[in-house]
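Visitor: below: sequence and its predicted model.
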Amino acid sequence: MGRARAPEPVGEAGATNFMNEIMLIIDGHEANASIGASIFECAESINVTVPTSCFKQGKCRECLVEIEEGAELLTDLTPQESHLGGRFRLACRTRFAQSGEVRCHTLRRGSLRIETETSGLQDQWNSDFQPTNHFGEHPTAYHGIAIDIGTTTVALRLYDLRNAHLIATQSFENPQRFGGSDIMARIHFDGTNRGRLLQRTLLGYLTRAISALPIDPATISEMVVVGNPTMRDLFFGLDVQTIGVMPYRSLTEAALSEGRAQTTSLNIEARKLRLPLHPDARIYGAPLIGSHVGADAAACLMATGIANGDEICAILDIGTNTEAIIGNRHRLIAASCPAGPAFEGGGVLFGMPALDGAIERIRLNGNSVETTVVGNCEPAGICGSGLVDLLSELLRTGRMNEQGRFSDEGEPIMVDSSHDIFLSEADVNELAQAKGANAAGLRVLAETYGIAMSQIDRLYLAGGFSRHLDVDASCRIGLVPDLSREKIQKVGNAALEGASMILLCIPYRERLEKLVKRVEHVRLETSPHFFDFFVEGCQFESFGSSE
């Protein structure tokens, strides 16, 4: 980063002083800037698109950028940015106050690897599947969207409802990240800031994603939304404060339990959210399972079909809020594991999402470190799959013990010396706690179900993070149970697949409504062995093969 100098005056009537004293690096593109210029203006000058719907007036609050370096060279937060925390700023309000180098990025779309595909689930599409046009009275409105709203990422699919043909996919970082990296932080933010900022920002980004699809948005007649209870309810504009306190229930779940509603699903007109769809389009929010186990977990159940057979199967959808399910057609139980964002880049010094520049594969070979980088470019950090690889390799080579302590007297493990990328014991502690929550959740479910872990006939690893994991490495460090490898199947975005199924076939919605009522929700903290399982899960050792 360049050295800062004393502020220099802005020209007459606020005009920018174009003396090329500042270097802005935004989304990897460089621009010469000047004191008084805004980040938005400089981005425009080099054709970097910054989202906005108010044309730089500071009203839509959508032009979010995350400052990586040089925050001290920028003007102070404006009133329009008072809701922002961490390193987030509004590009149209943030101006350069001192000379030097500023590095930042917009919320990512194309360069962020977000899972929109599935594998090995095609056989779950029943033979009686008949795609229908839900809007027969509007023959020109025959498109539909399935959307999975995750805490970190958002993924959607566009379909032709007449023939179930997949037309396009879109994905982007969840722009609500400025409100916190986990669910509880988002709930707190939404309760302390007026104006439904989290909902408005998400809808603004979703509007742009829909507008970028290769069809006229007015031909979209149907949308199906899945997500955990907090993400789903924020999307629909519901108060989420009750999800953050005991007994952790959505308003819709409370209404169902009190007899004021017959379902936790939601069904509204799209015009109420001002999305650019057909004027009479409907949005269906899939039903919840219970507490923090939401519509995304329900959609996973639908996609994997574990409720239809006799095999005892488990689903582990690893993320900021991991969902775990065990069961078959006779019994189903589920739990939510608050793992946090460590394996998605949060809390780890050089952790990062699966962007270009993220180290995704690591192999230790003697004194050398062999790495593979997303995008085949210069490394900038380590994403989740790379962190799992690294932990596994440190165990394999004896450079780290089961307690997460390094053999070299706690000295950080250098991964890329030319870019000064390393892993510290503090980073390992963050990863251990995230891993421990996942392992404890699955072990509590197995105990509640009355089976040994080894009795699980099939383990489905769902979600984008799981799709890129090395299974052997994951088993070695105890992130997933050490079952025989033929039992473990990576299935990709099963939640989006389930959302697609209930988008394309109306009868599937009734099946899902009945299915969620069969699932028993297990509160992990009520298990007498949860704490012991969590402590054991924080150790870097395999589990499950003999349980």
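Guide: Received, thanks.

Visitor: could you give the separation of stretch 302-321 from the chain centroid?
Guide: Relative to the chain's own centre, stretch 302-321 is displaced by 19 Å; criterion: CA atoms, centre = their mean, to the nearest Å.

Visitor: now that stretch - C-alpha only, PDB.
Guide: What follows is stretch 302-321, C-alpha atoms only, in PDB (Å, rounded to 0.1, in the frame of the first residue of the first chain):
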ATOM      1  CA  MET A 302     -37.000 -33.700  -1.400                       C
ATOM      2  CA  ALA A 303     -34.100 -33.900  -3.800                       C
ATOM      3  CA  THR A 304     -32.300 -36.800  -2.100                       C
ATOM      4  CA  GLY A 305     -35.400 -38.900  -1.600                       C
ATOM      5  CA  ILE A 306     -34.200 -40.300   1.700                       C
ATOM      6  CA  ALA A 307     -37.700 -40.300   3.100                       C
ATOM      7  CA  ASN A 308     -38.800 -42.800   0.500                       C
ATOM      8  CA  GLY A 309     -36.600 -45.800   1.200                       C
ATOM      9  CA  ASP A 310     -35.500 -48.200   4.000                       C
ATOM     10  CA  GLU A 311     -31.800 -47.300   4.000                       C
ATOM     11  CA  ILE A 312     -30.800 -45.100   6.900                       C
ATOM     12  CA  CYS A 313     -29.300 -42.100   5.200                       C
ATOM     13  CA  ALA A 314     -27.800 -38.800   6.500                       C
ATOM     14  CA  ILE A 315     -27.600 -35.400   4.900                       C
ATOM     15  CA  LEU A 316     -24.900 -32.900   5.900                       C
ATOM     16  CA  ASP A 317     -25.200 -29.500   4.200                       C
ATOM     17  CA  ILE A 318     -22.000 -27.800   5.400                       C
ATOM     18  CA  GLY A 319     -22.100 -24.000   5.600                       C
ATOM     19  CA  THR A 320     -22.300 -21.100   8.000                       C
ATOM     20  CA  ASN A 321     -25.400 -22.800   9.300                       C
END
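
Visitor: average model confidence for it?
Guide: Summarised as a single mean, pLDDT over stretch 302-321 is 93.

Visitor: in the helix or strand bottoming out on mean pLDDT in the chain, what's buried?
Guide: None of the helices or strands of the chain scores lower by mean pLDDT, DSSP states H and E than helix 464-467, at a mean of 84. Residues G464, F465, S466, R467 are the ones in helix 464-467 that count as buried (16 or more other CB atoms under 10 Å). Backbone N, C-alpha and C define where each C-beta goes, glycine included.

Visitor: those into a markdown table, with extra columns for distance to A437?
Guide: Output for those, formatted as a markdown table (distance: CB to CB, whole Å):
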| residue | distance to A437 |
| --- | --- |
| G464 | 19 |
| F465 | 14 |
| S466 | 15 |
| R467 | 20 |
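
Visitor: let's verify the residue nearest to F533 when sequence neighbours are not counted: helix, strand, or coil?
Guide: Residue nearest to F533 in three dimensions, not counting chain neighbours: A440, with 3.9 Å by CB to CB, 6 or more residues apart in numbering. Secondary structure, DSSP: H, G, I helix; E, B strand; the rest coil: A440 is helix.

Visitor: who touches A440 in this structure?
Guide: C337, L524, F530, F533, F534, E536, G537 (CB atoms under 8 Å, 6 or more residues apart in numbering).

Visitor: for the least confident helix or strand of the chain, packing partners?
Guide: For helix 464-467, the packing partners by 3 or more CB pairs under 8 Å, 6 or more residues apart in numbering; DSSP states H and E come out as strand 488-492.

Visitor: who's in contact with the least confident helix or strand of the chain?
Guide: With contact meaning CB under 8 Å, 6+ apart, helix 464-467 is reached by 113-115, 153, 155, 316-319, 343-344, 354, 384-385, 461, 490, 492-493.

Visitor: please narrow those residues to those residing in strands.
Guide: T153, A155, L316, D317, L461, K490, G492 (DSSP state E).

Visitor: what about the second one, neighbour count?
Guide: Residues within reach of A155, counting by other CB atoms under 10 Å, total 23.

Visitor: T169 is in contact with that one, correct?
Guide: Yes. Counting by CB atoms under 8 Å, A155 touches T169, with 7.1 Å between them.

Visitor: in which helix or strand does L364 reside?
Guide: L364 is part of strand 358-365 when elements are defined by DSSP states H and E.

Visitor: direction included, what does that strand pair up with?
Guide: Using DSSP bridges, strand 358-365 pairs in its sheet with strand 368-373 (antiparallel), strand 381-382 (parallel).

Visitor: got those strands as CSV, with mean pLDDT columns?
Guide: Shown next, in CSV, are those (pLDDT from 0 to 100):
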stretch, mean pLDDT
strand 368-373, 95
strand 381-382, 92
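
Visitor: sketch out the low-pLDDT regions of the stretch 1-150 of the chain for me.
Guide: 1-20, 108-138 (pLDDT under 70).

Visitor: could you pull out the helices for the stretch 251-400 of the chain?
Guide: Under the criterion DSSP state H, counting those that start in this stretch, the stretch 251-400 of the chain contains helices at 251-257, 295-304, 384-396.

Visitor: just read off the phi/psi values of the residue nearest in space to the middle of the chain.
Guide: The centre of the chain sits closest to T152, judged by CA atoms, centre = their mean, with a distance of 2.7 Å. The phi and psi torsions at T152 (degrees, to the nearest 10) take the values phi -110, psi -40.

Visitor: surely it meets I318?
Guide: No. At 11.6 Å, T152 and I318 do not qualify as touching, with contact defined as CB under 8 Å.

Visitor: any shared contact partners between those two?
Guide: Common contact partners of T152 and I318 (CB under 8 Å, 6+ apart): none.

Visitor: what is the neighbour count of A212?
Guide: A total of 12 residues lie near A212 under the criterion other CB under 10 Å.

Visitor: let me see the domain layout of the protein.
Guide: 15-106, 122-303, 351-421 (automatic domain parsing).

Visitor: endpoint to endpoint, stretch 208-222 covers what distance?
Guide: In stretch 208-222, first residue to last residue: 17 Å (CA to CA, to the nearest Å).

Visitor: for it, buried residues please.
Guide: Using 16+ other CB under 10 Å as the test for burial, stretch 208-222 gives R208, A209, I210, L213, P217, T219, I220, S221, E222.

Visitor: check stretch 246-266 too.
Guide: Buried, per 16+ other CB under 10 Å, within stretch 246-266: Y248, R249, S250, L251, T252, E253, L256, T263, T264, S265, L266.

Visitor: put the alpha carbons of that stretch into PDB.
Guide: Listed next in PDB are the C-alpha coordinates belonging to stretch 246-266 (Å, rounded to 0.1, in the frame of the first residue of the first chain):
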ATOM      1  CA  MET A 246     -35.500 -19.100  22.700                       C
ATOM      2  CA  PRO A 247     -37.300 -21.200  21.400                       C
ATOM      3  CA  TYR A 248     -35.800 -19.900  18.100                       C
ATOM      4  CA  ARG A 249     -39.000 -20.000  16.000                       C
ATOM      5  CA  SER A 250     -40.000 -18.200  12.800                       C
ATOM      6  CA  LEU A 251     -43.300 -16.200  13.100                       C
ATOM      7  CA  THR A 252     -44.700 -18.800  10.700                       C
ATOM      8  CA  GLU A 253     -43.700 -21.700  12.900                       C
ATOM      9  CA  ALA A 254     -45.300 -20.000  15.900                       C
ATOM     10  CA  ALA A 255     -48.500 -19.400  14.000                       C
ATOM     11  CA  LEU A 256     -48.600 -23.100  13.000                       C
ATOM     12  CA  SER A 257     -48.000 -24.400  16.600                       C
ATOM     13  CA  GLU A 258     -50.600 -22.000  18.000                       C
ATOM     14  CA  GLY A 259     -53.200 -23.100  15.400                       C
ATOM     15  CA  ARG A 260     -53.300 -19.800  13.600                       C
ATOM     16  CA  ALA A 261     -51.900 -21.300  10.400                       C
ATOM     17  CA  GLN A 262     -51.900 -24.700   8.700                       C
ATOM     18  CA  THR A 263     -48.400 -24.400   7.200                       C
ATOM     19  CA  THR A 264     -45.100 -22.500   7.600                       C
ATOM     20  CA  SER A 265     -44.900 -21.900   3.900                       C
ATOM     21  CA  LEU A 266     -45.500 -18.500   2.300                       C
END
